[in-house]
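Colleague: next comes the sequence, and after it the predicted model I'd like to discuss.
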Amino acid sequence: MTTLSDALGRARREGRAALVGYLPAGFPDLAGSIRVIEAMVEGGCDVIEVGWPYSDPTMDGPVIQRAADRALAAGTTPADVIEVVRATAATGAAALVMSYWNPIDRYGVDRFAADFAAAGGAGVITPDLIPEEAGDWLKASDAADLDRIFLVAPSSTDERIGITVRACRGFVYAASLMGVTGTRAEVGAAAAGLVARTRAATELPVCVGLGVSTGEQAAQVAGYADGVIVGSAFCARVLDAGGVDSALPRVRELAAELAAGVRAGA
C-alpha cells in the first residue's frame with residue numbers, strides 16, 4: 001500500500017472523490033512552489049501531482065506551459081523536483097510526479113525510481129509513455145514499490161483501455177477530452193462514458209483530468225469518477241496573483257471550493 005492508495009481509499013470510505021492538484025516544481029520558484037503546494041493541501045487537496053517542467057511539452061496547454069517556462073527560467077533542476085516531492089510528502093498528502101518520459105530517461109530510470117521513493121513519492125504519471133514501451137519503467141517501479149499511472153482517452157478502444165489498466169497501479173488517469181490541458185467552460189461530455197468503459201476493465205480507481213476549474217465542475221466529475229484532477233486553474237491563480245504571498249490565499253480558496261465540490265458530487 002502506498003500513500004496514494006491510502007488517500008484514495010480514505011476518500012472512498014468518506015463517500016466522495018479525491019481531489020488531486022497539480023503544480024510544476026519550481027513555479028514560480030523553488031521555495032514558492034513548496035508554499036503553494038502547502039496551501040493546496042491546506043485547502044483540501046488529497047493528492048498532489050508535482051510537475052516536472054519540460055521545454056517541449058505535447059499535452060500542456062498555454063497556462064501550464066507558462067508556469068513551466070517560469071520554473072525553467074528560475075533554474076529548476078531534477079534535484080529540485082525531488083526536493084519538492086519531499087516537501088509535498090511532508091504535508092501528509094500523497095506525492096506524485098507527472099512527467100514526460102524524456103526527463104526521467106535522462107535522469108536514469110532506476111536512479112529516479114530510487115530517489116523518488118526515498119523522498120516519499122508514491123507514484124508517477126507518464127502521459128507520453130505507453131505500456132508496450134515501458135519495460136524499463138515497469139521493472140524500476142516494481143523494484144521501488146511505486147504506483148504507475150498511464151492515461152486513457154476518449155479515443156481509446158476497449159482493447160487499448162485493457163492494455164493500459166493492466167499496467168497501472170494506484171489509479172487510471174482518464175483524460176476527459178482530446179487536446180491539451182486547460183480550464184474550460186464545461187468538462188468534456190465523453191468523460192463519463194470513458195470512466196464507465198475503464199471501470200469495466202479494472203477495479204482500480206479512475207481519476208479524471210483536463211478542464212476542471214470550478215467547484216461546480218468538480219462536483220459534476222465527482223458524480224462518476226474516483227478522483228478529480230485540477231492543474232491549470234491552480235497555475236492560473238499563481239500567474240494572476242503577481243507574487244507568492246498574494247497567490248496563497250487565492251490558491252487555498254480554490255482548493256477549498258474544489259474540495260467542497262467533490263463532496264457535493266458524492
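Modeller: Alright, I've got the coordinates. Just so it is clear, the model here is predicted, and its values are computed rather than measured.

Colleague: CA-only coordinates of the helix or strand residue 6 falls within, as CSV, when you get a sec.
Modeller: Secondary-structure assignment from DSSP states H and E places residue 6 in helix 3-13. Output in CSV follows, covering the C-alpha atoms of helix 3-13 (Å, rounded to 0.1, in the frame of the first residue of the first chain):
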residue,chain,number,x,y,z
THR,A,3,0.2,6.8,0.4
LEU,A,4,-1.7,7.3,-2.9
SER,A,5,-3.7,4.1,-2.2
ASP,A,6,-4.3,5.4,1.3
ALA,A,7,-5.6,8.8,0.1
LEU,A,8,-7.9,7.3,-2.5
GLY,A,9,-9.1,4.7,0.0
ARG,A,10,-9.8,7.3,2.6
ALA,A,11,-11.8,9.4,0.1
ARG,A,12,-13.8,6.3,-0.9
ARG,A,13,-14.6,5.5,2.7
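
Colleague: from the contact counts, what lies against it?
Modeller: strand 18-24, strand 47-51, strand 94-98 (3 or more Cβ pairs under 8 Å, 6 or more residues apart in numbering; DSSP states H and E). Just so you know, the C-beta spots here come from the backbone N, C-alpha and C atoms, and that holds for glycine as well.

Colleague: okay, buried residues for that helix please.
Modeller: Neighbour counts using 16 or more other Cβ atoms under 10 Å place 3, 4, 5, 7, 8, 11 of helix 3-13 among the buried residues.

Colleague: what does stretch 53-66 give?
Modeller: For stretch 53-66, by 16+ other Cβ under 10 Å, it's 53, 54, 57, 60, 61, 63, 64, 65, 66.

Colleague: contacts only, for residue 37.
Modeller: Residue 37 sits next to 21, 23, 48, 50, 84, 87, 88, 91 when contact means Cβ atoms under 8 Å, 6 or more residues apart in numbering.
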